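**Student:** For reference, the sequence and a predicted model appear below.
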Amino acid sequence: MVTSVAFSPDGQRLASGSFDQTVKIWDSATGKEQFALKGHAGPVGSVAFSPDGQRLASGSADKSVKIWDSATGKEQLALKGHAGGIWSVAFSPDGQRLASGTDDGTVKIWSIVTGKELFALKGHAEPVMSLAFSPDGQRLASGSDDKTVKIWDSVTGKEQFALKGHADRVKRLAFSPDGQRLASGARTRR
């Protein structure tokens, strides 16, 4: 099962994460596989390209985040410290930080320069399934299986407010280009 896909910023490549524990990079024009990134010991739950397209992040059920050189497929960093599987990753707009969300409801913010955890955001009661930085990088939205969206100050880690109203798990988030609006999508029961 493919769990996540992401286009490179230039649209030339597509990354996919899968339950087979790999991340694959595809040529988006031809559909041909360029290479497979191997190194996770569990299903890959989320993939994201850095804003400059030079790095690719992948989060896995093995409780790790890996940062790869997207041109060569070489692993650059392994970020460890989560207590649960990782189902969402997002780069900050400047590409210097990465957010990762996990089964235990925690979001961690990492420095991509040093590979160190900057701080942890705690406040969700269920897994964090979606993350989105605002276009200016000042805010981070997190969507959870607890049916809430939380807005955090991405510099200080303080929760600004919570959005409630979904009847089921929040799966996807997206800021508008001007950062004034946030769209959230939730699972619906049938």
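**Tutor:** Thanks, I have the structure now. All values reported here derive from a predicted model rather than from experimental measurement.

**Student:** Which strands border the strand or helix carrying residue 163, and is each parallel or antiparallel?
**Tutor:** Following DSSP states H and E, one finds residue 163 within strand 159-164. Strand 159-164 sits in its sheet next to strand 148-153 (antiparallel), going by DSSP bridges.

**Student:** Let me see the residues that make contact with the partner strand.
**Tutor:** 107, 121, 123-124, 138-144, 158-164, 166, 170, 173, 182, 184 (CB atoms under 8 Å, 6 or more residues apart in numbering). To be clear about C-beta, it is placed using only N, CA and C from the backbone, and glycine gets the same treatment.

**Student:** Pull out the buried positions in the strand holding residue 163.
**Tutor:** Across strand 159-164, burial judged by 16 or more other CB atoms under 10 Å covers no residue at all.

**Student:** Equivalent analysis for stretch 137-149, please.
**Tutor:** For stretch 137-149, the neighbour count (16+ other CB under 10 Å) marks 137, 139-149 as buried.

**Student:** Quick one: name whatever helix or strand follows the strand holding residue 163.
**Tutor:** Following strand 159-164 toward the C-terminus (DSSP H and E): strand 170-175.

**Student:** tell me the mean pLDDT over the helix or strand following that following strand?
**Tutor:** Proceeding N to C from strand 170-175, the next assigned helix or strand is strand 182-186, under DSSP H and E. Mean per-residue pLDDT for strand 182-186: 92.

**Student:** what angle separates strand 182-186 from strand 159-164?
**Tutor:** If you take axes from the mean of the first three to the mean of the last three CA atoms, to 10 degrees, strand 182-186 sits at 50 degrees to strand 159-164.

**Student:** Now do strand 182-186: which elements does it pack against?
**Tutor:** Under the contact criterion of 3 or more CB pairs under 8 Å, 6 or more residues apart in numbering; DSSP states H and E, strand 182-186 touches strand 139-144, strand 148-153, strand 170-175.
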